[in-house]
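[1] okay, structure incoming, though there's no sequence with it:
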């Protein structure tokens, strides 16, 4: 089936069935998942799927429906449901569709090589990765290794004359192992996720990193409740900044449900902090030529030198706020309406290596793991479980597990006094190590 | 302050769950989009026209190259979601989703393939793909499938397909009004109405053929308070496998007022203290703590891998004497009740831990085979896009003998946790964390000041050994459990006291 023709035809169908405006979002995809455990295949799963979402407007009221059966009867039935459902909603002048025909040029979004790689090679990679991780002394059990790949194509058309599509792919390699010592058990894992198969991290690297994470927290020492410096490593920085990204969601801001709602153009964090969202990088999993409703993606400066520069918006929330979409419509797939979200977040790197930050810390915690929800975007409260390595006089002295860390985001963000240069731009949330001068730690 | 709030929701109807991420995922937009709801019109459910003969042939194809077990799962789901936000009806969503999956188990290996198109040809293609894992091994001969019967624990009095959309809109408007009327400091409401009907066809190489329809209602009220100094987003939920009569048992006003009460109560919250302290947990949704901390580690998949926290501990003492924990998929109309699991095994009452002794695990077909254990009716899947894995249904700490008031008054100092947002656990190490949504300081055996956003952390082994009081007031709440795929569940418990949990506050 020619999907370009289909989405155009369906937009017309929506209008002829009574919609004043309509958007058709079609998605097709294919996935392969391989999981191995104890040198044996555990699961192989293969699938292909498709679906269409219809967003229709009648007299300013919006209705949405979706289906995965592309027969004429099913498509017509689904459109009629969207139109009927629109009558239930309240008319809203912000209910508009984009007419931006722009298309951000992005290179290397799709790797055509997957299909040519034999299944046995992919299974072999996962098996080898598990074997390498299990070979590290002290690692006692495997909780599995895996390879996954997926590719998909998105078509979007609306009654403002928009017609766009793109194809993208991704693959991943992951491993998780257990280190046991007496009654102690600790897990460690790592993964690599890329657009191109040939860019995947070497199994040796992933195996070593997973094993190190499992081993380094054995024999922890409990510390007493105190205030101390905390260094968020690149993996744990998300717990600090995830809530900030929730709080710059333009819709939350409009609703008054953001701790940053009154902070635009104000100093909300340490001068060391800059935050960009870039959906335009080449060969990057977070990139796409347009967002979840067809608006071209761009590079957004959310914060610079600790000053909040921009909230993020989709078309509807931008209209309501009296501004332009930032190309930040996120979509959970054909079955959901566009929300607001980010593409590829980068927290501005600093000059120091992580080792230098550790050396400059008299007493504190190098965070390896944070559990819980991180910063609450509504209130800015932060509280979580933590584990990591304790620092005394600039040296790592022993592991720490089962402590808590808590504070308020405005205090924590302003107390950032060192940032590292250890950033991995290939992560969808790319952050360097970040030191907060003082956080309440709960322990013995 | 009162020791216990009088809440006008009949206890076991009282529901709630977390809205943020974590293992107990709650409502990311993507997840809700999959929480699809229902109505059946003229169209008969997908799979109705795929006969038993065809299914038997597909199963034979799946086991052609070898293997121990195969099944076909055909699903049709019709879903509705209506969202009212800031007192306007923001959107109405209607979804139709159908598909089928074929699975082959050969030893420890699982092969799976699914298709959106439910045709004989596509089912055979899926069977061929799934059989990849079974290369040249000995095969079982599939039994010709025949209809099996299962008891039903779900009674529908007002079927959702006969409810006019105006009635759905009406319950939402009533909730919105009740929340706003509660207090002028209520600044924003968000009300979500979800319903769905999931039709299942299950056919297995053991000869089972089953069909049924599961209706599900999920009503969520979020209320934000703001007094210019503080802000709090509160939530209350109602969910059953039932018809629209759910709103006669618990009115939308009741749900809204409970959310509003929390939103206002938490405006005066102070920073929580940090450190190790005694915790009294109110009955109801707090059961999510044992759902995470003990329930997930008792799912047999990680036990079969030999890495679960409770591996090798059957028959051993793992908890205090007053601790009994049950998973029961037969509680009438409960959100976690499913009649039979997604592999066709009847659900049942599974006593997991009895008076501190570990009695059993929750299994699916694969883990039961691997561990030579009985199937417990816990093999569940989010949709045809996922393979079944061991999952909980309605999981709770059984009622004890203590009186709730006595538990509080005999706790001189600590934290009273009225509700949790949700949490997560590492099933291998048993280390868990929970975020409190509403909690209070306990001083001299009384609930005093409200506390802001505390986290509870610990290990499952410690927490169930440190429960030293269990009250007689068992209650439940509904949630969405995430384990790579979503499942509708309830969690429950009576009021309990746990000695020495690490509380993460921002105050020394």
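    Noted; the coordinates are in hand. Source: prediction; values computed, not measured. Numbers count the residues shown, from 1 in each chain, chains lettered A, B, ... in the order given.

[2] in the stretch 151-300 of chain B, what residue is nearest chain A?
    residue B:274 (3.1 Å; Cβ to the nearest Cβ). For glycine as for every other residue, the C-beta is placed from the backbone atoms N, C-alpha and C.

[3] give the burial count for that residue, as a bare number.
    The number of residues packed near residue B:274 is 27, by other Cβ atoms under 10 Å in any protein chain shown.

[4] same thing with the one 5 residues further on?
    If you count neighbours by other Cβ under 10 Å, residue B:279 ends up with 29.

[5] state the helix or strand in which it lies.
    Using DSSP states H and E, residue B:279 maps to strand B:275-281.

[6] what average pLDDT does that strand get?
    The pLDDT scores in strand B:275-281 average 94.

[7] could you do stretch B:338-350 as well?
    Computed over stretch B:338-350, the mean pLDDT rounds to 97.

[8] what residues does it touch?
    Residues from elsewhere that reach stretch B:338-350, judged by Cβ atoms under 8 Å, 6 or more residues apart in numbering or on different chains: B:71, B:73, B:148, B:150-154, B:200, B:202, B:204, B:208, B:210, B:212, B:214, B:241, B:326-330, B:337, B:360, B:362, B:364-365, B:375-381, B:388, B:393.

[9] endpoint to endpoint, that stretch covers what distance?
    Its first and final residues considered, stretch B:338-350 spans 14 Å by Cα to Cα, to the nearest Å.

[10] identify the residues contacting the spatially closest residue to the residue of the stretch 151-300 of chain B closest to chain A that is not a sequence neighbour.
    In space, and not counting its chain neighbours, residue B:274 is closest to residue A:442: 3.1 Å by Cβ to Cβ, 6 or more residues apart in numbering or on different chains. Neighbouring residues of residue A:442 by Cβ under 8 Å, 6+ apart: A:225, A:403-406, B:274-276, B:502-505.

[11] same thing but at 10 Å, please
    Residue A:442 sits next to A:223-226, A:383, A:385-386, A:402-406, B:272-277, B:454-455, B:457, B:502-508 when contact means Cβ atoms under 10 Å, 6 or more residues apart in numbering or on different chains.

[12] and those, which are buried?
    Among the contacts of residue A:442, those classed as buried by 16 or more other Cβ atoms under 10 Å in any protein chain shown are A:223, A:225-226, A:383, A:385-386, A:402-406, B:272-277, B:454-455, B:457, B:502-507.

[13] out of these, which are inside helices?
    Secondary structure defined by DSSP state H assigns none of those to helices.

[14] hang on, isn't residue B:94 packed against residue A:89?
    No: applying Cβ atoms under 10 Å as the test, residue B:94 and residue A:89 come out as separate, 12.0 Å apart.

[15] common neighbours of those two, please.
    Counting by Cβ under 10 Å, 6+ apart, the residues touching both residue B:94 and residue A:89 are A:63-64, B:82.

[16] spell out the secondary structure type for whichever residue of the stretch 1-150 of chain A sits closest to chain B.
    Proximity to chain B, evaluated over the stretch 1-150 of chain A using Cβ to the nearest Cβ, is greatest for residue A:85 at 3.4 Å. At residue A:85, secondary structure determined by DSSP: H, G, I helix; E, B strand; the rest coil is helix.

[17] got the contact list for it?
    A:54, A:56, A:61-65, B:80-82, B:91-94, B:165.

[18] with residue B:506 instead?
    Contact analysis of residue B:506 by Cβ under 10 Å, 6+ apart lists A:227, A:381-383, A:404-408, A:411-412, A:439-440, A:442, B:271-274, B:452-454.

[19] quick one: the helix or strand hosting residue B:128 near chain A?
    If you go by DSSP H and E, residue B:128 is part of helix B:120-130. Yes: Helix B:120-130 reaches chain A (Cβ under 10 Å from any Cβ of the partner chain) through B:122, B:125-126, B:129-130.

[20] quick one: which of the residues you listed is nearest residue A:305?
    Closest to residue A:305 out of the residues of helix B:120-130 next to chain A is residue B:129 (53.8 Å), distances taken as Cβ to Cβ.

[21] next one: the closest one from residue B:111, what distance?
    Distance of residue B:129 to residue B:111, given as Cβ to Cβ, to the nearest Å: 7 Å.

[22] which one of the two has more residues nearby?
    Shown here are residue B:129 and residue B:111; by other Cβ under 10 Å, residue B:111 has more neighbours (28 against 21).

[23] once you drop chain neighbours, what's closest to residue A:181?
    Of all residues not flanking residue A:181 in the chain, residue A:218 sits nearest, at 5.2 Å (Cβ to Cβ, 6+ apart).

[24] next, give phi and psi for that neighbour.
    Residue A:218 adopts backbone torsions of phi -70, psi 150, taken as degrees, to the nearest 10.

[25] and it, how many residues sit next to it?
    Based on other Cβ under 10 Å, the number of other residues close to residue A:218 is 16.

[26] that one contacts residue A:187, correct?
    No: Residue A:218 is beyond contact range of residue A:187, at 11.4 Å (criterion: Cβ under 10 Å).

[27] mind listing the shared neighbours of those two?
    Contacts common to residue A:218 and residue A:187, judged by Cβ under 10 Å, 6+ apart, are residue A:179.

[28] re the thing from before, so which of the contacts of residue A:442 sit within strands?
    Mapping the contacts of residue A:442 onto strands (DSSP state E) picks out A:226, A:383, A:385-386, A:402-406, B:275-277, B:455, B:457, B:502-504.

[29] measure how far the helix or strand residue A:143 falls within is from the centre of its chain, please.
    Residue A:143 is located in strand A:139-158, with elements delineated by DSSP H and E. Computed by Cα atoms, centre = their mean, to the nearest Å, the chain-centroid distance of strand A:139-158 equals 14 Å.

[30] quick one: that strand near chain B?
    Yes: using Cβ under 10 Å from any Cβ, strand A:139-158 reaches chain B at A:140-144.

[31] just the buried ones from those?
    Here, 16+ other Cβ under 10 Å leaves A:141-144 buried among these.

[32] give the residues shared as contacts by residue B:129 and residue B:111.
    Shared contacts of residue B:129 and residue B:111, defined by Cβ under 10 Å, 6+ apart, comprise A:44-46, B:62, B:102, B:104.

[33] give the contact list for the residue in chain B that chain A sits nearest to.
    Using Cβ to the nearest Cβ, the single residue of chain B nearest to chain A is residue B:504, 2.5 Å away. Residues near residue B:504 by Cβ under 10 Å, 6+ apart: A:371-372, A:382-386, A:403-407, A:440-442, B:272-275, B:433-436, B:453-457.

[34] what parts of the stretch 101-250 of chain A come near chain B?
    Proximity of the stretch 101-250 of chain A to chain B (Cβ under 10 Å from any Cβ) is limited to residues A:119, A:140-144, A:176-178, A:180, A:183-187, A:214, A:217, A:222, A:224-227, A:242-243, A:246.

[35] and residue A:340, how far is that from residue A:108?
    Distance, residue A:340 to residue A:108, by Cβ to Cβ: 27 Å.

[36] what about those two, which has more around it?
    residue A:340 (27 against 14).

[37] that one against residue A:247, yeah?
    No: using Cβ under 10 Å, residue A:340 is not in contact with residue A:247; the gap is 11.6 Å.

[38] who touches both of those two?
    A:253, A:311.

[39] for stretch B:489-508, measure first residue to last.
    Length of stretch B:489-508, first residue to last, Cα to Cα: 37 Å.
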